[in-house]
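>>> show me how the following folds:
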Amino acid sequence: MNIPHKPPGYTSVSPYLVVDGADSTIAFLVEVFGAEKLRRVATDSGKVMHAEVRIDDTVLMLTDAFPPAWSAVPSHVHVYVKDVDATYGRAIAAGAAPVQAPVKRGDENKRGAAKDAGGTTWWISTKVE
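The predicted structure is shown next:
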């Protein structure tokens, strides 16, 4: 029997975020990036033990922090979107702190960044050439 090594629709690499407030991060991702909720496994107390969302073609995995073994880790994630300005605006409206307004620099991308309440900096980019 030939069993695939990964679930259908998953890429080989998935970012895994350990954050304070995983449910808030998931709500942020739905609002800003149109993420699709795939899975949520909770502890008896309701904290997120494991969750998955899909943004475009990528599955992002996340969990609440469970110190001392699993402390929250500030992370940076880069996401290509169709409209960097609109997505950056949604991120700020959803409560993210501005890091860099979208700007085109030395490559073909217009890129901006915003940091969400869970500590992740989202680098948002659109190829503009």
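>>> ok, now which ones touch Asp83?
Contact partners of Asp83, counting by Cβ atoms under 8 Å, 6 or more residues apart in numbering, are Thr126. The C-beta positions use only the backbone N, C-alpha and C, and glycine is treated the same way.
>>> where's it relative to Val32, distance?
Relative to Val32, Asp83 is positioned 12 Å away (Cβ to Cβ, to the nearest Å).
>>> quick one: mean pLDDT over stretch 85-97.
Averaged over stretch 85-97, pLDDT sits at 98.
>>> wait, stretch 64-75
94.
>>> again with stretch 10-17
Stretch 10-17 comes out at a mean pLDDT of 91.
>>> can you give me the buried ones in that stretch?
Within stretch 10-17, the residues that count as buried by 16 or more other Cβ atoms under 10 Å are 10, 15, 17.
>>> what's the burial count for Val41?
10 (other Cβ atoms under 10 Å).
>>> check whether it really touches Met49, as I assumed.
Yes: Val41 lies in contact with Met49 (Cβ atoms under 8 Å); the separation is 4.8 Å.
>>> sorry, back to before: taking the buried residues of stretch 10-17 one by one, which sit in strands?
Counting by DSSP state E, the buried residues of stretch 10-17 place Leu17 in strands.
>>> among the buried residues of stretch 10-17, which one sits closest to Ala114?
Leu17 (15.1 Å; Cβ to Cβ).
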